[in-house]
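K.L.:
Give me coordinates for this.
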Amino acid sequence: MATRERTSSLIRRSLVRRCTIGAVVVALAAATGCGGGKDDAADGSSCKPSSGKVTLQYWSWVPGMQKAVDRWNGEHPDVQVKLKSTPAGNAGTYQNMSNALKAGKAPDLGQIEYDSLASFRLKDGLRDIAECPGVDGAQQKFVDWTWSQVGFGAGGKDGIWAVPQDTGPMALFYRKDIFDKLGLKAPRTWDEYAADAVRLKKAGKYITHYSQTDPNWFTGLLWQNKATMFQRDGDSWKVTVDRPESRQVADYWQKLIDDKLVATDLQGFSPALYKSWNDGEVVTWISAAWGYSTIRDNAKSTAGKWAVAPMPQWHPGDQRAGNWGGSTTAVLSGSKHPAEAARFALWLNTDPEALAILNREGGLYPAAKAGLDLPALKQPVDFYGKQRIFDLFARASANVDDGFTWGPTMTDTYRFISDGTAGAVGGKGTLADVLEQTQSQSVESLRKQSLDVTG
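P.N.:
This is a model prediction of the structure:
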């Protein structure tokens, strides 16, 4: 089973790793001609409970998931779940899941990140669970923007295709001891962050690293600035990767790179990055709620020296937050027991004990509103100087824009960003060039899927 560190890396790709919002995955049925409405299940049957004992297959990469499954199995003898622990989505699970769907051997349930739901919807890989018992009315149990991520189309008019599991609201992790020593406070704006980068460089430190391999982190920065990458235009897609709000983000970070104020030779979730944290060479990380355990588990010598603050803002007084990562529990199209699968997915992501297990064992930050009140998330965190850091993340989650839209070919778009970033960091072009190139490449990617593209 993957370690918590590896899971954090995977969830972020995205997760969401990742991601997760309102207009995110739109009415793909209208654009692709696949799938039906709420009364037209993928396999042509309604979502009625099965008779007799049921066994469900479930694929997930969350550490500790087996403990939650065991609890369910102990309480529900007529609906048993068999868990298969898998690599993270883009590390192999998505490809294996796609292959299994084609072969008619897919599991009943699968962990799928928000930014990949549209892709699986495009290939008819998901089951509409809107008519399954318990789903109607479940919306109120989840943070608003997460439910809009799983309901394609305005108000979920094109169905409900998964149950939200976790999220990745972003904030600023920083070495408070070093900031205090230099007379610095947590930066409230991006201008202050850049000014602090200059002060830190003079002290022989980098304010942060700029990874070439985390395009979903960069997407989280775009998200904060309301720079959605895709839009729906009637029955067509419009690619909006290269837009003024995105350029503002790209130009900002390009200047930090050009002025050598950020470390560009460190990749995310790498031993070299962890060493730089332990050595006090890199002193901030703009990351998601799950990042608390990544620092804690890999920079143990710095215990008590870190603190968390809101993301720096583009305009003083704003409270916007981005989101990096997050997953869902989806019922796949070949399931013969969608009612039971949906019932398990809802239980897994709303039951207080299940939420506690997934937070404690897997480091997940729950999408369920009840999960935000878990006792563990209300306690001071020793590693962060006894700060109640999750109160801050709860506020950040409430300030994530619910209009961010994922495209149906995000894997391609992420690859375009990652490939371009490697060149820009190496001095070949700029991040603004990456946006321009990714714009045209993403348009072509959509057209290869026979989707109608405008603009």
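K.L.:
give the contact list for residue 226.
P.N.:
Counting by CB atoms under 8 Å, 6 or more residues apart in numbering, residue 226 makes contact with 245, 320, 401, 403, 404. Where C-beta positions appear, they are placed from N, C-alpha and C, glycine not excepted.
K.L.:
is it true that residue 57 touches residue 82?
P.N.:
Yes: using CB atoms under 8 Å, residue 57 is in contact with residue 82, at 5.5 Å.
K.L.:
Look at the two and report which has more neighbours.
P.N.:
For residue 57 versus residue 82, the count of surrounding residues by other CB atoms under 10 Å is larger for residue 57: 19 against 12.
K.L.:
pLDDT at the more buried one, what is it?
P.N.:
Per-residue pLDDT puts residue 57 at 98.
K.L.:
give me the element it is part of.
P.N.:
If you go by DSSP states H and E, residue 57 is part of strand 54-60.
K.L.:
Alpha carbons of that strand, as PDB, please.
P.N.:
Taking Å, rounded to 0.1, in the frame of the first residue of the first chain, the C-alpha atoms of strand 54-60 are listed here in PDB:
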ATOM      1  CA  VAL A  54     -23.900  -8.300  -2.900                       C
ATOM      2  CA  THR A  55     -20.100  -8.100  -3.200                       C
ATOM      3  CA  LEU A  56     -18.600  -4.900  -4.500                       C
ATOM      4  CA  GLN A  57     -15.100  -4.300  -6.000                       C
ATOM      5  CA  TYR A  58     -13.400  -1.000  -5.100                       C
ATOM      6  CA  TRP A  59     -10.100   0.400  -6.300                       C
ATOM      7  CA  SER A  60      -8.400   3.100  -4.200                       C
END
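K.L.:
Tell me how far the residue lying farthest from the centre of the chain lies from residue 159.
P.N.:
Distance from the C-alpha centroid of the chain, by CA atoms, centre = their mean, peaks at residue 52 (36.8 Å). Computed as CB to CB, to the nearest Å, the residue 52 to residue 159 distance reads 27 Å.
K.L.:
Tell me how many other residues crowd the spatially closest residue to residue 218 that is not a sequence neighbour.
P.N.:
Distances taken as CB to CB, 6 or more residues apart in numbering put residue 417 closest to residue 218, at 6.4 Å, once the chain neighbours are dropped. Look at residue 417: counted by other CB under 10 Å, it has 26 neighbours.
K.L.:
which stretch of helix or strand covers residue 417?
P.N.:
helix 410-425.
K.L.:
Could you export that helix as PDB, CA atoms only?
P.N.:
Only the C-alpha atoms of helix 410-425 are listed here, as PDB (Å, rounded to 0.1, in the frame of the first residue of the first chain):
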ATOM      1  CA  MET A 410      -6.900  17.300 -18.500                       C
ATOM      2  CA  THR A 411      -4.200  14.700 -18.700                       C
ATOM      3  CA  ASP A 412      -3.100  16.100 -22.000                       C
ATOM      4  CA  THR A 413      -3.300  19.700 -20.800                       C
ATOM      5  CA  TYR A 414      -1.300  18.900 -17.700                       C
ATOM      6  CA  ARG A 415       1.400  17.200 -19.900                       C
ATOM      7  CA  PHE A 416       1.500  20.300 -22.100                       C
ATOM      8  CA  ILE A 417       2.000  22.500 -19.100                       C
ATOM      9  CA  SER A 418       4.700  20.300 -17.600                       C
ATOM     10  CA  ASP A 419       6.700  19.900 -20.800                       C
ATOM     11  CA  GLY A 420       6.600  23.600 -21.400                       C
ATOM     12  CA  THR A 421       7.500  24.500 -17.800                       C
ATOM     13  CA  ALA A 422      10.600  22.400 -18.000                       C
ATOM     14  CA  GLY A 423      11.800  24.400 -21.000                       C
ATOM     15  CA  ALA A 424      10.800  27.800 -19.400                       C
ATOM     16  CA  VAL A 425      12.700  27.000 -16.200                       C
END
